[in-house]
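> Predicted model, plus sequence, below.
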Amino acid sequence: MGIVYRPSRPSPWMVYWRDPKSGKQKSKYFVLENSARKFNRSKLKELKAIHEENKNLKVKYLIEEYIASRGWSEQSLKQTLYHVKTLYVFFGEISAKQLHKKDIHQYSQGEEERGVKKSTISRRLTILKAALNFAVDIGKLEANPIERVHQDRGIQKRFIPPSAMELSRMLAVAPHHIRRTILLGYYTGVRIGPSECFAIPWANCDLDRGIIRVHGAAKNRDMPYRDIPIAPTLLNEMRCWRECDQQKYGDIEQLEVVNYYGKAIKTIARSWRTTLAKGGITRSLRPYDLRHAFATDCLDAGAEIKAVSQLMGHAGISTVLRSYQYIRDEQKRKSVNGLPRLVT
């Protein structure tokens, strides 16, 4: 950091310094030398304070830095900030270099005693690990002190996807935006919500070629978008939707396919519950279960698992096998009935 005099400039006094966050050099120009020196003293004091703070490397500071560095969607940011609240309370004032696996175990035990699910605790600790890895990447930490600490995620809940009968009952009573959500979710496997399903504009739907381009939810950086073939049943529906939207709204290229009377949608929670009730469906069924149904029924129909994985935007097949494929009872019965007959 310092002061340089450049007589050729209208404001000849330049103060320069290196930004502690980005590592880039910055500068500011002044007309008067006194103003430059005053700013220089102020900036020097600020940088010293940041330097002292960096010495301690408090966990809260690193988490805030990590969150600020990411290009979160509004919904993802809201969820992340909700989860880091307890991290701030327990770990916030601890120096990252002093973190130990016993701190993680104490935090997990305390959260379990409060009735927090193991999967939720694991999700929160994943955020903490990501923040510490980020600190390593930008040179604030030499190593992540809890990188090798394993967190039990508990028994993963298996969701039973909606059956064809349940979907038919819902479609019979669904308002237009829920109908579009159901059919898009089931026939394309997109993530239901503003990250994918509610963010597909008509401009990304080539009905002549039968292709929908979906820009992913930033979970697979190697696949910023994916082109999904449109099933014949969905294609016929989408042609009707497009014609209807054009008649009502004119230029619809930037209008989302799933819209509410021409307005963008962020959530369908209330309408979804109403549709379930009107359809006589009493079991728990989430909009996201449409994605599970897509994977399950595609694989049941003989689709290649690698193709299904790519259609869903996953980096590999393990996620589909672990989290999405549900083996229906009729598939199990078909499997055992196919065994050879050993006795009469």
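The structure has been received and is ready for your questions.
> On the three-state scheme, Val254 is what?
Val isn't right for residue 254; it's Gln. coil (DSSP: H, G, I helix; E, B strand; the rest coil).
> Leaving out the residues flanking it, which one is nearest to it?
Pro201 (5.2 Å; C-beta to C-beta, 6 or more residues apart in numbering). Bear in mind the C-beta positions are built from the backbone N, C-alpha and C, glycine included.
> quick one: the one you found and Leu255 touch, right?
Yes - with contacts counted by C-beta atoms under 8 Å, Pro201 reaches Leu255, the gap being 6.3 Å.
> For Lys248, what are phi and psi?
Dihedral pair for Lys248: phi -80, psi -40, per degrees, to the nearest 10.
> close enough to count as contact, it and Gly262?
Yes - in this structure, Lys248 is within contact of Gly262 by C-beta under 8 Å, at 6.8 Å.
> Doesn't Val214 belong to a strand?
Yes - under three-state DSSP, Val214 falls within a strand.
> Mind pulling the model confidence for it?
We have a pLDDT of 92 for Val214.
> what's the answer for Asp152, then?
Predicted confidence (pLDDT) for Asp152: 72.
> neighbours around it, how many?
11 (other C-beta atoms under 10 Å).
> Show the contacting residues for it.
108, 118, 122 (C-beta atoms under 8 Å, 6 or more residues apart in numbering).
> which of the residues you listed are buried?
By neighbour count, with 16 or more other C-beta atoms under 10 Å, those hold 108, 118 as buried.
> Make a markdown table out of the contacts of Asp152 and add distance to Leu311, secondary structure and pLDDT.
Shown next, in a markdown table, are the contacts of Asp152 (distance: C-beta to C-beta, whole Å; DSSP: H, G, I helix; E, B strand; the rest coil; pLDDT from 0 to 100):
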| residue | distance to Leu311 | secondary structure | pLDDT |
| --- | --- | --- | --- |
| Ser108 | 36 | helix | 91 |
| Lys118 | 31 | helix | 88 |
| Ser122 | 27 | helix | 90 |
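> ranges for the strands of this protein?
2-5, 13-18, 25-30, 205-206, 211-215, 225-229 (DSSP state E).
> what lines up beside the first one in the sheet?
Taking DSSP bridges as the criterion, strand 2-5 forms sheet pairs with strand 13-18 (antiparallel).
> pLDDT of the strand it pairs with, averaged?
86.
> Can you point out the buried residues in stretch 193-206?
In stretch 193-206, counting by 16+ other C-beta under 10 Å, buried: 193-202, 204-205.
> again, but for stretch 66-75
Those would be 66-67, for stretch 66-75 by 16+ other C-beta under 10 Å.
> Okay then, goodbye and thanks.
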